[in-house]
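Q: sequence first, predicted coordinates after that:
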Amino acid sequence: MYKHLLVPTDGSPLSLKAAKTAAGLAKKLGAKITAVYVTAPWMPPMGSEGAAYSRMGEMEADYRRATKAAAEKALGRVADAAAAAKVKCDGIHVSNDQPWDAIIRSAVKQKCDLIVMASHGRRGLAGLLIGSETHKVLTHSKTPVLVCR
């Protein structure tokens, strides 16, 4: 059965619910968990032609500090859920402008055999306009996906 579960998290209560589900499942299966937090790559602000930004390096450092802190907080919540279930858990923070792609790539790289993730369940126009990372993972992943709501 499943031995290594990937748990994508964005730090939301819904992703924590998926993490708790994954932790319970991992305990029953004797599996381990890898949590993944995805952030967008640093993009310098756009300015007019020839504009120089004297704080560019500072702005990038601030961005990296902020995303690292957010990742640590979200990954820590998954680790806490795993610890409560007495399940081994590692956390990774990856950068990719397409979260669904980063999730699939992380599952392959970490050799995970199940992805356990949340879905906000947006439908209709909201689902069409906002899109769903979960739906994209389901569509493109060769790794099985368990969706929690």
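A: Received the coordinates, thanks. Residues are numbered from 1 along each chain as shown.
Q: residue ranges in the protein under the pLDDT threshold?
A: Along the chain, the parts satisfying pLDDT under 70 run over 47-54, 121-131.
Q: run the last query once more with 80
A: Low-confidence segments of the chain (pLDDT under 80): 45-57, 120-131.
Q: strands along that one, start to end?
A: For the chain, applying DSSP state E gives strands covering 4-8, 32-39, 89-95, 114-118, 145-148.
Q: which neighbouring elements make contact with the third one?
A: Read that as strand 89-95. Using 3 or more CB pairs under 8 Å, 6 or more residues apart in numbering; DSSP states H and E as the contact test, the elements touching strand 89-95 are strand 32-39, helix 56-84, helix 99-109. All C-beta atoms are positioned from the backbone trio N, CA, C, and that covers glycine.
Q: circling back: could the strands of the chain go into TSV alongside mean neighbour count and distance to M56?
A: Written out in TSV, the entries for the strands of the chain read as follows (neighbours: other CB atoms under 10 Å; distance: least, CB to CB, whole Å):
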stretch	mean neighbour count	distance to M56
strand 4-8	27	31
strand 32-39	24	19
strand 89-95	17	18
strand 114-118	24	35
strand 145-148	16	39
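Q: now do the contacts for Y63.
A: When the contact criterion is CB atoms under 8 Å, 6 or more residues apart in numbering, the partners of Y63 are W42.
Q: how close does it get to M43?
A: Note on Y63: its distance to M43, by CB to CB, to the nearest Å, is 9 Å.
Q: between these two, what contacts are shared?
A: Shared contacts of Y63 and M43, counting by CB under 8 Å, 6+ apart, come down to nothing at all.
Q: circling back to that earlier point, closest one to V108 among the strands of the chain?
A: Evaluated with CB to CB, the strands of the chain place strand 4-8 nearest to V108, the distance being 9.5 Å.
Q: just the helices and strands packed on strand 89-95: most buried one?
A: Highest mean neighbour count among the helices and strands packed on strand 89-95 (mean count of other CB atoms under 10 Å): strand 32-39, with a mean of 24.
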